[in-house]
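Peer 1: Okay, predicted coordinates and the sequence, questions at the end:
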Amino acid sequence: MPASFVALFVAVPVLALMVLGLPRADQRRADQRRALSVLRLPVFPRGTWIYGVALALAWSTTGMTIAVVPLELAASGLGGWTGLVIFLSIFIGFLCQPLARRMGNAGALALGVVLVPLGFGVLLVGVWGGGLIWVLAGTCITSAASYGFTYLAALAEVSRSAPGDRARATAGLFVYAYVGFSLPVMASGALADVIGLQRAMAGFAAVLAGGTAVAVLLWLGRGGVRRISGLPWRRPLPWR
């Protein structure tokens, strides 16, 4: 077992106990302090569901890239590139965050929603054909959405929509995010045991595209298109 794993197993319980010692007072106002429980349920601000769903879809591609794509790379004799693929699946998104901030929340969301199925489709082409360039390109595209445009837009929007409860609103957003990050990967792994890895990835891509289409149609039906068009490119969008 790697020594880093042992260190992590020792550190986590210690850190958990340290968390219990953090201050439990709300200090939003200097003249008022109210005691808070160390454990509070997340909240889901009204009108932000599309950001949570979009982030879940985006992070599902990251989960697949980290957990499943390396298996296919190893089977194709490209296992030595796994580290770079995992690095790109996270790092490229951070490079896109300054651009996402300039676009505004709805614009960044719209671009991220397009990039998620597009990027995974490109990655899937590379996996099927053994083309490393396609795998790397698809990883970069999905990363741009997962940790760049979609992530930053979602985080900014839920924080703006719950100014008095940002921590709980952020926790609610990450409920969406980690459901997307984990459940589709586990389902694809179980499916791969039955029909094979490549077919399972194709099935995931189909569900991803379908889920994205449904989310976009619902969002547009509730006025999402008005939130994108006719608004300044560089100004944050003041809508809930």
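Peer 2: Arrived safely. Numbers count the residues shown, from 1 in each chain.
Peer 1: Could you identify the helix or strand that succeeds the lengthiest helix in the chain?
Peer 2: Criterion DSSP state H: the longest helix present in the chain is helix 166-195. From helix 166-195 onward toward the C-terminus, using DSSP states H and E, the following helix or strand is helix 197-221.
Peer 1: pLDDT averaged over that following helix, what's the number?
Peer 2: What helix 197-221 shows for mean pLDDT is 89.
Peer 1: Return the angle between stretch directions for that helix and helix 166-195.
Peer 2: Per axes from the mean of the first three to the mean of the last three C-alpha atoms, to 10 degrees, the angle that helix 197-221 makes with helix 166-195 is 140 degrees.
Peer 1: Helix 197-221 packs against which elements?
Peer 2: In terms of contacts (3 or more C-beta pairs under 8 Å, 6 or more residues apart in numbering; DSSP states H and E), helix 197-221 is packed against helix 49-67, helix 69-75, helix 105-129, helix 166-195. Just so you know, the C-beta spots here come from the backbone N, C-alpha and C atoms, and that holds for glycine as well.
Peer 1: ok, and for it, which residues are buried?
Peer 2: By 16 or more other C-beta atoms under 10 Å, the buried positions in helix 197-221 come out as 197, 200-201, 204-205, 208-209, 211-212, 215-216, 219.
Peer 1: now, among those residues, which is nearest to Ala7?
Peer 2: For those, the minimum distance to Ala7 (C-beta to C-beta) is 32.5 Å, reached by Leu197.
Peer 1: ok so, going back, next, the angle helix 49-67 makes with the longest helix of the chain.
Peer 2: 50 degrees.
Peer 1: Please name every helix or strand in contact with helix 166-195.
Peer 2: Contact partners of helix 166-195 among helices and strands, from 3+ C-beta pairs under 8 Å, 6+ apart: helix 49-67, helix 150-161, helix 197-221.
Peer 1: Switch those over to TSV; also include distance to Leu95.
Peer 2: Putting those into TSV (distance: least, C-beta to C-beta, whole Å) gives the following:
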stretch	distance to Leu95
helix 49-67	15
helix 150-161	12
helix 197-221	23
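Peer 1: I'd like to know which of those helices lies nearest to Phe174.
Peer 2: Counting by C-beta to C-beta, Phe174 lies closest to helix 49-67 out of those; the figure is 8.5 Å.
Peer 1: Who are the packing partners of the closest one?
Peer 2: Using 3+ C-beta pairs under 8 Å, 6+ apart: helix 49-67 touches helix 82-103, helix 105-129, helix 132-144, helix 150-161, helix 166-195, helix 197-221.
Peer 1: Render the CA-only coordinates of the third one in PDB, please.
Peer 2: Put plainly, it is helix 132-144. Output in PDB follows, covering the C-alpha atoms of helix 132-144 (Å, rounded to 0.1, in the frame of the first residue of the first chain):
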ATOM      1  CA  LEU A 132      -4.500   9.500 -28.800                       C
ATOM      2  CA  ILE A 133      -4.900  13.000 -30.200                       C
ATOM      3  CA  TRP A 134      -8.600  12.700 -30.300                       C
ATOM      4  CA  VAL A 135      -8.600  11.400 -26.700                       C
ATOM      5  CA  LEU A 136      -6.500  14.300 -25.500                       C
ATOM      6  CA  ALA A 137      -8.700  16.800 -27.500                       C
ATOM      7  CA  GLY A 138     -11.900  15.400 -26.100                       C
ATOM      8  CA  THR A 139     -10.500  15.500 -22.600                       C
ATOM      9  CA  CYS A 140      -9.600  19.200 -23.000                       C
ATOM     10  CA  ILE A 141     -13.000  20.100 -24.300                       C
ATOM     11  CA  THR A 142     -14.900  18.300 -21.500                       C
ATOM     12  CA  SER A 143     -12.500  19.800 -18.900                       C
ATOM     13  CA  ALA A 144     -13.200  23.300 -20.200                       C
END
